[in-house]
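# fold the stuff below for me.
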Amino acid sequence: MPRGDNGNRGGKGPKPPKITDQTFATAENPADDAYLGTVLADVKPSRSAWTILSGNDDGAYAINPLTGELLVAKGSLIDYETEQTRTLVVEVVENGKKAYSATVTIDISDLNEEPSAGDPILAAVAETVNDDTILATVSATDPDTLADTDTDATNDTFNDLAYAITRGDPDGLFEIDASGNISLATGKSLDYETAQQHALEVTVADGGGLAKGQRILIAGLKGPRHDSPRTRSPRRMRLNGSGSK
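From the prediction side, this is the model:
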């Protein structure tokens, strides 16, 4: 009987296939040239050549044609948020004639990635603003977009973001809430004569322990005066065409 792609033969009993489906694993963003494992086949290595037939259009993976070692070619293309599994078809040709193929599955796992704290913010506010007013909002994002929806429980906190004012507010004049909104702390107020601007640094941290800082500049605008007005000395009137100011 004719031999199939995997090397089975009819007769008294099937022989083990020359190559079988195999599974490998990698975390996302691996280093280029990282070794994932060797695609095993019951062939003579010195007379065989391995190739990837399909599933590798982007060139993210490579296989050593002489040994069957599966390698990372472009680690930046291996992204958990894009795909969690890659399926390749690998072929080994023995003696330059007989070709055998199998499916190679690569399972990709998630890594915690650094959040973004958005762009620097310049907020111009009147000194009369009250503590109920949002002065600025830090628009943070996290690249771990599947952490809440996938089946992997180990990454559930990767995109849980927390905000803190970590610099520029020694007197506790400002506060930031869980959504990144900055306002005056309860009972606090701005005073233009004391400080015309406040350079804050807000740190955004994710549940996996990575953090990113961003600069927020609160510039005060002078508002209506609440101080006692200055009094001016009255000008002396001139008498008989003479006098002094």
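# phi, psi of G75?
phi -60, psi -30 (degrees, to the nearest 10).
# ok, N56 next?
The phi/psi pair for N56 (degrees, to the nearest 10) reads phi -130, psi 40.
# same deal with D42?
phi -90, psi 70.
# what separates the residue positioned nearest the centre of the chain from V202, distance-wise?
In the chain, the centroid-proximal residue (Cα atoms, centre = their mean) is P143; its distance is 3.3 Å. Distance, P143 to V202, using Cβ to Cβ, to the nearest Å: 19 Å. The way it works is simple: take the backbone N, C-alpha and C, and place the C-beta from them, glycine included.
# how far off centre is the helix or strand containing T87?
Here T87 sits within strand 85-94, counting by DSSP states H and E. Put simply, strand 85-94 sits 31 Å off its chain's centre (Cα atoms, centre = their mean, to the nearest Å).
# same question, stretch 75-93
On Cα atoms, centre = their mean, the centre of stretch 75-93 falls 21 Å from that of its chain.
# what of stretch 112-119?
Distance, centroid of stretch 112-119 to centroid of chain: 5 Å (Cα atoms, centre = their mean).
# one more: stretch 183-192?
That offset, for stretch 183-192, works out to 33 Å (Cα atoms, centre = their mean).
# return the set of buried residues in it.
Neighbour-count burial for stretch 183-192, with 16 or more other Cβ atoms under 10 Å as criterion, is recorded at S183, L184, L190.
# now swap in stretch 75-94 and tell me
Those would be 75, 77-80, 84, 86, 88, 90-94, for stretch 75-94 by 16+ other Cβ under 10 Å.
# circling back: quick check: the residue nearest to the centre of the chain touching E81?
Yes: the pair P143 / E81 is scored as a contact, 6.7 Å apart, by Cβ atoms under 8 Å.
# nearest residue to Y100 in space, please, no chain neighbours.
Counting by Cβ to Cβ, 6 or more residues apart in numbering, Y100 lies nearest to K18, which is 4.2 Å off, once chain neighbours are set aside.
# I figured the one you found was touching V93, is that so?
No: with contact defined as Cβ under 8 Å, K18 and V93 do not form a contacting pair (10.7 Å).
# shared neighbours of these two, which are they?
Shared contacts of K18 and V93, defined by Cβ atoms under 8 Å, 6 or more residues apart in numbering, are found at Y100.
# tell me who's in contact with L70.
F24, Y35, L36, G37, T38, V39, Y61, A62, I63, V90, V104, I106.
# noted, bye for now.
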